[in-house]
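**Q** The sequence isn't on hand, but the structure is:
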């Protein structure tokens, strides 16, 4: 899907709405956990954008130690946007997966290795044939410690990917941005539609830690 490749300004962005998106049923259809908080004490949260969120969500709900996942929109200006609004390029949001995980079972670095290896983080406002601001690569972290780890992992992967002829990583890495849940039919889409579209395509470059 093609879309706008230039981020709108705050003044250009669509107005959105104050009403939150209704998510029904409320539970994850695979993990059977409530999609919305509150979550159990001790859980950590990470927002990851790596192109179309359908395949990305499935990738992360399969990881041991993940409590629940949900898809939505983040990184832009428009409150509570619709999918059509996000795809217009006039919200500034990108498609993301909210990954809620138990850090005693799964480290952020393990999630980041999956993130880097399963998409091409050098493509800017696109991922494969999917072009537009809503497909840009992002990592939004819940605290400074996570942010530090994400930046360090980017630097490690940049060396590996550059050695294979790829350009600079364009992934936006920042502290947590407001997350807006996507419409119900997008949640766990590939569990409901096993033969549906999955745009995930890594570079084939392995993440190799220097440790």
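**A** Done, it's in. Keep in mind the model is a prediction, meaning the values are calculated, not measured.

**Q** Check whether residue 36 really touches residue 26, as I assumed.
**A** Yes - under the criterion of Cβ atoms under 8 Å, residue 36 makes contact with residue 26 at 6.8 Å. (Glycine included, C-beta is placed from N, CA and C.)

**Q** Contacts for the top helix by length along the chain, please.
**A** Across the chain, the longest stretch assigned as helix under DSSP state H is helix 144-163. Applying Cβ atoms under 8 Å, 6 or more residues apart in numbering, the external contacts of helix 144-163 come out as 44, 46, 108-109, 112-113, 116, 121-122, 139, 141, 168-169, 171, 173-175, 203, 205-210.

**Q** Buried residues in that helix, which are they?
**A** Applying a neighbour-count criterion of 16 or more other Cβ atoms under 10 Å, the buried positions in helix 144-163 are 146-147, 149-150, 153-154, 156-158, 160-161.

**Q** quick one on the thing from earlier: buried ones from the contacts of helix 144-163, can you make that a PyMOL selection?
**A** In PyMOL, the members of these classed as buried (16+ other Cβ under 10 Å) are selected with the following command:
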select buried, resi 44+46+108+112+113+116+121+122+139+141+169+171+173+203+205+207
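
**Q** can you tell me which of the contacts of helix 144-163 are in strands?
**A** Here DSSP state E is the test, and these give 44, 46, 139, 141, 173-175 as lying in strands.

**Q** Which one of those is nearest to residue 101?
**A** Checking these against residue 101 by Cβ to Cβ gives residue 44 as the nearest, at 5.8 Å.

**Q** close enough to count as contact, the closest one and residue 141?
**A** No - under the criterion of Cβ under 8 Å, residue 44 is not in contact with residue 141, lying 9.4 Å apart.

**Q** Looks like residue 119 contacts residue 198 (just checking).
**A** No - here residue 119 does not reach residue 198: they are 11.3 Å apart, not a contact under Cβ under 8 Å.

**Q** out of the two, which sits in the busier spot?
**A** residue 119 (27 against 15; other Cβ atoms under 10 Å).

**Q** Nearest residue to the more buried one in space, please, no chain neighbours.
**A** Here the nearest residue to residue 119 in space, its sequence neighbours aside, is residue 50; by Cβ to Cβ, 6 or more residues apart in numbering that works out to 3.9 Å.

**Q** show me the contacts for that neighbour.
**A** For residue 50, the contacting residues are 56, 97, 115, 118-119, 121, 127, 137, 200, by Cβ under 8 Å, 6+ apart.

**Q** which one of the ones in strands among the contacts of helix 144-163 sits closest to residue 20?
**A** When the ones in strands among the contacts of helix 144-163 are ranked by distance to residue 20 (Cβ to Cβ), residue 46 comes first, at 20.9 Å.

**Q** secondary structure class for the nearest residue to the closest one once chain neighbours are set aside?
**A** Spatially, and ignoring its direct neighbours in sequence, residue 46 is nearest to residue 99 (4.8 Å; Cβ to Cβ, 6+ apart). Reducing the assignment at residue 99 to three states with DSSP: H, G, I helix; E, B strand; the rest coil gives strand.

**Q** What separation is there between residue 99 and residue 177?
**A** 14 Å (Cβ to Cβ, to the nearest Å).
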